[in-house]
Each structure stands twice: as C-alpha cells, then as structure tokens.
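Visitor: Got a predicted structure here, sequence first:
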Amino acid sequence: TGSAAATSPATGAASTPVATPTAVKPQAAATATGTRDPSDTILAELAEGHTAVVLFSGSSASDDRAVRAAVRRVDRRGGKVDVHVVPIARVGDYEAITRGVTVLQAPTTLVIGRRKTAEKVVGFTTTAELDQLVADTRRAR
C-alpha cells in the first residue's frame, strides 16, 4: 500500500489508498466530544467485505444534484454496496476514510473497497461510471 495515486484505465478515476486507522475501532470509537465517529459505519461495512460509495456534496449546484441522483441509482449488488451522501462541510468528520485522499471540492465521490483503496471522482459523474468503478473495486479483492 503506497501513497502514490494510480489512475483507473477504464474511467480515468484516481485510485488512492485510504489509511487504516489503527486507533479507530469501527463499532466503538468516540470523538473527543463523546460522539461516535461517522466513519465508523463505513469502516464496519468495509470490514464485512462491502464496497462503499461516499459522495461529498454541496447543496444546490446542478452538478451536485446530478451526482447525488447518480449515486442513489448505483447498483447495490444484493446489499454488498453501501451508499453514503455527506455534506462537503463535514468532510473533516470523516478523517478515518479521507486520510490520504484530497477532498477539496464538491462533488467528490469515493468508491472504497475492502482493501481500503479509494477510487476518486471529482466533479460530475454518472451512474454507469460509478457502477464500473464499483465492479472494478470488487474484482480487485
């Protein structure tokens, strides 16, 4: 697992390792304020062999609306793909899955597999592209 980003030949999306947080336990971690880390749910899904599609989205821009709709239509593959839509303002709350992945603008979509490697799509994307990234990520086991 290196820190260099690779590019998926099928889609041109960047592949970036997601750091494995050694101190975060998916079911029991708490932040300094005593609340649960929102990344815990995603980390638990990854530990179960699921693939996570995480969209960091703004509010009203047309590309944000289009990508939210595309993400909601991603094939869930019989419950093995989990979709999360997160306001871009909360990206810092998801450090356990964004460590090593630069998320600077909305929309940014991450497709994260069991190996905790993220395929990142910045800007507009389609359901077809996301479904392909999910399939590629699931095959890369």
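Guide: Arrived safely, thanks for sending.

Visitor: where do the helices sit along this structure?
Guide: 39-47, 62-72, 95-98, 127-139 (DSSP state H).

Visitor: So which of these is nearest residue 55?
Guide: Among the helices of the chain, helix 62-72 comes nearest to residue 55, with 4.7 Å by CB to CB. Every residue, glycine included, has its C-beta placed from N, CA and C.

Visitor: quick check: angle from the closest one to helix 127-139?
Guide: Put simply, helix 62-72 runs at 50 degrees to helix 127-139, going by axes from the mean of the first three to the mean of the last three CA atoms, to 10 degrees.

Visitor: Can you check the distance spanned by stretch 115-134, start to finish?
Guide: 13 Å (CA to CA, to the nearest Å).

Visitor: what sits against the closest residue to residue 115 other than its chain neighbours?
Guide: Nearest residue to residue 115, sequence neighbours excluded (CB to CB, 6 or more residues apart in numbering): residue 140, at 6.8 Å. Contact partners of residue 140, counting by CB atoms under 8 Å, 6 or more residues apart in numbering, are 113, 115, 117.

Visitor: how many neighbours does the last one have?
Guide: Residue 117: 19 surrounding residues under other CB atoms under 10 Å.

Visitor: With the first one instead?
Guide: Using other CB under 10 Å as the criterion, residue 113 is surrounded by 23 other residues.

Visitor: do the same with the second one
Guide: Applying other CB under 10 Å, we find 14 other residues in the vicinity of residue 115.

Visitor: where's it relative to residue 107, distance?
Guide: Using CB to CB, to the nearest Å, we find residue 115 at a distance of 24 Å from residue 107.

Visitor: okay, and for this structure, where does confidence drop off?
Guide: Counting by pLDDT under 70, the ranges of the chain that qualify are 1-35, 141.

Visitor: Thanks again, I'm all set now.
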